[in-house]
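Q: 3D, please:
(2 chains)
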Amino acid sequence: MLAVVSGALYATFATVQYRWNWTGVWQYRHQLMAGWLFTLCISAGAMVFSILVGFLLMTGRRSPWEPVRVLSGGLVEFLRGTPLLVQLLIGYYVIANALHINEPFLVGTLLLGFFEGAYLAEIFRGSVESIGASQREAARAVGFSVYQTYRFVIIPQAFRRALPGTTGQLVSLIKDSSLLSVIGIEELVQRVKAMNSASYTALEGYLPLALAYLAVTLPLSWWARRLERRFAYET
Amino acid sequence: MKLEARHVVKSFGAHAALAGVTFATADTAHVVALLGPSGGGKSTLLRVLGCLLVPESGEVIMDGETLPNDEAGALAERRKNGFVFQGYNLFPHLTALENVALPLRAVHSMDDQAADARARELLDRLGLSAHENKRPAQLSGGQQQRAAIARALAPKPRLLLLDEPTSALDPVMTGEVLDVIRELAEGGQNIVLATHEISFARLVADWVVFLADGKVAESSAAEVFFTRPKSALAQQYLEGLSKYR
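A: I've put the predicted structure just below:
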């Protein structure tokens, strides 16, 4: 399949008669590598934070107290309903500025985590709510408290059901991290743009860019499928 | 044991599943059968008696002690009981052994070894020792229900409540499960059993509560109920059920 895709790509580029110039990419390899590592670090931090945010918002939406439910629901709708670009600009240049936090790396990680966390909250909520009433009743019947019911019965079963959706969202998160350049974070896409303008090339940087993202997202998907198999059981 | 209910009401939305249930068993009842047509309130009453559901009003008295009407009290109370459901309701992500051992550790504070030993003892007694590492989906219906009985019995419950335990099973598996329940009844376990298996109830029960439309139509000693039922509803029900068996 790889050979077919490469062949098709080569043929396409050959038809448009693009003149490749790879010297710029080679000269900038250290900067590109640094950008890639930056993207990795921010994504890893935002992933951990987004899972935390997703879990909290999911719990909030299922809370017995109405104000908490309304607040969590509103946050989810706001975060999912507005563009990440706007959230980053307002969040960094207005809110973080007002709070005197001048750490683009930290603020960027948190903002990205909030945005993706809202999507994860709904994925988590869907899987938790798909665990049937008979399982909850069985948990009550053996004497589990509410906490124990979640800990031993609902979360372990919901975890497996949430895995495919969560993986997709985390892959999106890695790609969405490219928007962080708007608040001055020199991640991979930003470095590629810089390289393109400095070496008067248009497309050379973007092919390694795509490969660099795939180098992270493919192992992530592979690992998630392994997890799915490990937790697979018939119901 | 003596089980007593006074004016117990439990509704689901506008539907009153129990519309003022009142009965009292003899002081020495061991196996109480809840009988009656489907939708009559058997399952709801069973859950209220076992503190799995809290009634809106009325009280349930067991051996002179009134059961709590709040969730925290009900949790403490239902930890003394064991439940078996029509659909087995085992935890599908856990093995048979873990299904039995986990509540012992988490709820009854047993250490790992003691919980595993107790779980193995029960699975062995119910003929499941060869299957302890299988998940529910790898077991037959009868085996699943026996595992569910093992789970309910493991903490040595004061009262074992069985809600139509054989309704989802074929005749052979039904036989397997009824044998187990009969053995338990003969061993002196206090049991509340909601069932449509009339001949089985006749064999093991010593008290019958007959429910229809959320009310008690008759509550009497089993021998009286099965030989000379007083209410017309119970007579019809018994005749209808004995027609083909």
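Q: which helix runs longest in the chain?
A: Let's take chain A. When chain A is scanned for its longest helix (criterion: DSSP state H), the result is helix A:29-61.
Q: that's the wrong chain, I wanted chain B
A: Criterion DSSP H: the longest helix present in chain B is helix B:171-186.
Q: residues contacting that one, please?
A: By Cβ atoms under 8 Å, 6 or more residues apart in numbering or on different chains, the residues outside helix B:171-186 that reach it are B:30-31, B:126, B:140-142, B:145-146, B:149, B:153, B:160, B:162, B:165-166, B:169, B:191, B:193, B:197, B:200, B:203-204. Every C-beta, even on glycine, is put in place using the N, C-alpha and C of the backbone.
Q: check which element follows it along the chain.
A: strand B:191-194 (DSSP states H and E).
Q: for that next one, list every residue counted as buried.
A: For strand B:191-194, a neighbour-count test (16 or more other Cβ atoms under 10 Å in any protein chain shown) marks B:191-194 as buried.
Q: helices and strands around the helix or strand just after that strand, which ones?
A: Downstream of strand B:191-194, the next assigned helix or strand under DSSP H and E is helix B:198-204. Using 3 or more Cβ pairs under 8 Å, 6 or more residues apart in numbering or on different chains; DSSP states H and E, the elements in contact with helix B:198-204 are strand B:31-35, helix B:171-186, strand B:191-194, helix B:222-227, helix B:232-242.
Q: next, the angle strand B:31-35 makes with the following helix or strand past helix B:198-204.
A: Per DSSP H and E, the first helix or strand lying C-terminal to helix B:198-204 is strand B:207-212. Counting by axes from the mean of the first three to the mean of the last three Cα atoms, to 10 degrees, strand B:207-212 lies at 20 degrees to strand B:31-35.
Q: tell me the angle of strand B:207-212 relative to helix B:232-242?
A: Computed by the same axes, to 10 degrees, the angle between strand B:207-212 and helix B:232-242 is 100 degrees.
Q: gap between B:Gly20 and B:Ala194?
A: According to Cβ to Cβ, to the nearest Å, B:Gly20 and B:Ala194 sit 19 Å apart.
Q: ok, which residues in chain A are in contact with chain B?
A: A:134-135, A:137-145, A:148, A:152-153, A:156-157, A:160, A:231, A:233-235 (Cβ under 8 Å from any Cβ of the partner chain).
Q: same thing but at 7 Å, please
A: Residues of chain A lying close to chain B (Cβ under 7 Å from any Cβ of the partner chain) are A:134-135, A:137-138, A:140-145, A:148, A:152-153, A:156-157, A:233-235.
Q: quick one, helices of chain A?
A: Using DSSP H, helices in chain A cover A:2-15, A:23-27, A:29-61, A:66-81, A:84-90, A:97-98, A:104-129, A:133-141, A:146-148, A:155-176, A:188-198, A:206-230.
Q: touching stretch A:178-190 from outside, list them.
A: Under the contact criterion Cβ atoms under 7 Å, 6 or more residues apart in numbering or on different chains, stretch A:178-190 has outside partners A:32, A:35-36, A:38-39, A:42, A:84-85, A:88-89, A:92, A:104-105, A:108, A:112, A:177, A:209, A:212.
Q: again, only using 8 Å
A: The contact list for stretch A:178-190 (Cβ under 8 Å, 6+ apart) reads A:32, A:34-36, A:38-39, A:42, A:84-85, A:88-89, A:92-93, A:104-105, A:107-108, A:112, A:177, A:193, A:209, A:212-213.
Q: among those, which ones are buried?
A: Here, 16+ other Cβ under 10 Å leaves A:32, A:35-36, A:38-39, A:42, A:84, A:88, A:92, A:104-105, A:107-108, A:112, A:177, A:209, A:212-213 buried among those.
Q: quick one, what contacts A:Leu37?
A: The contact partners of A:Leu37, taken as Cβ under 8 Å, 6+ apart, number zero.
Q: now it: how far from chain B?
A: According to Cβ to the nearest Cβ, to the nearest Å, A:Leu37 and chain B sit 38 Å apart.
Q: same question, A:Ala158
A: For A:Ala158, the distance to chain B (Cβ to the nearest Cβ) stands at 10 Å.
Q: run through chain A and note the low-pLDDT ranges.
A: Residues of chain A that meet the criterion pLDDT under 70 lie in A:234-235.
Q: an error on my part: the question was meant for chain B.
A: For chain B, the stretches with pLDDT under 70 are B:245.
Q: near chain A, which residues of it are found?
A: Within chain B, the residues that sit near chain A (Cβ under 8 Å from any Cβ) are B:50, B:52, B:75, B:78-79, B:83, B:85, B:87, B:89-93, B:102-103, B:106-108, B:135, B:137-138, B:151-152, B:155.
Q: got a list of what the residue lying farthest from the centre of chain A touches?
A: The outermost residue of chain A relative to its centre, with distances by Cα atoms, centre = their mean, is A:Ala141 at 38.6 Å. Counting by Cβ under 8 Å, 6+ apart, A:Ala141 makes contact with B:50, B:52, B:78, B:83, B:85, B:89, B:152.
Q: the helix or strand hosting the fourth one pairs with which strands, and in what direction?
A: B:Phe83 belongs to strand B:81-84 when elements are defined using DSSP H and E. Strand partners for strand B:81-84, identified by DSSP bridges, are recorded as strand B:159-163 (parallel).
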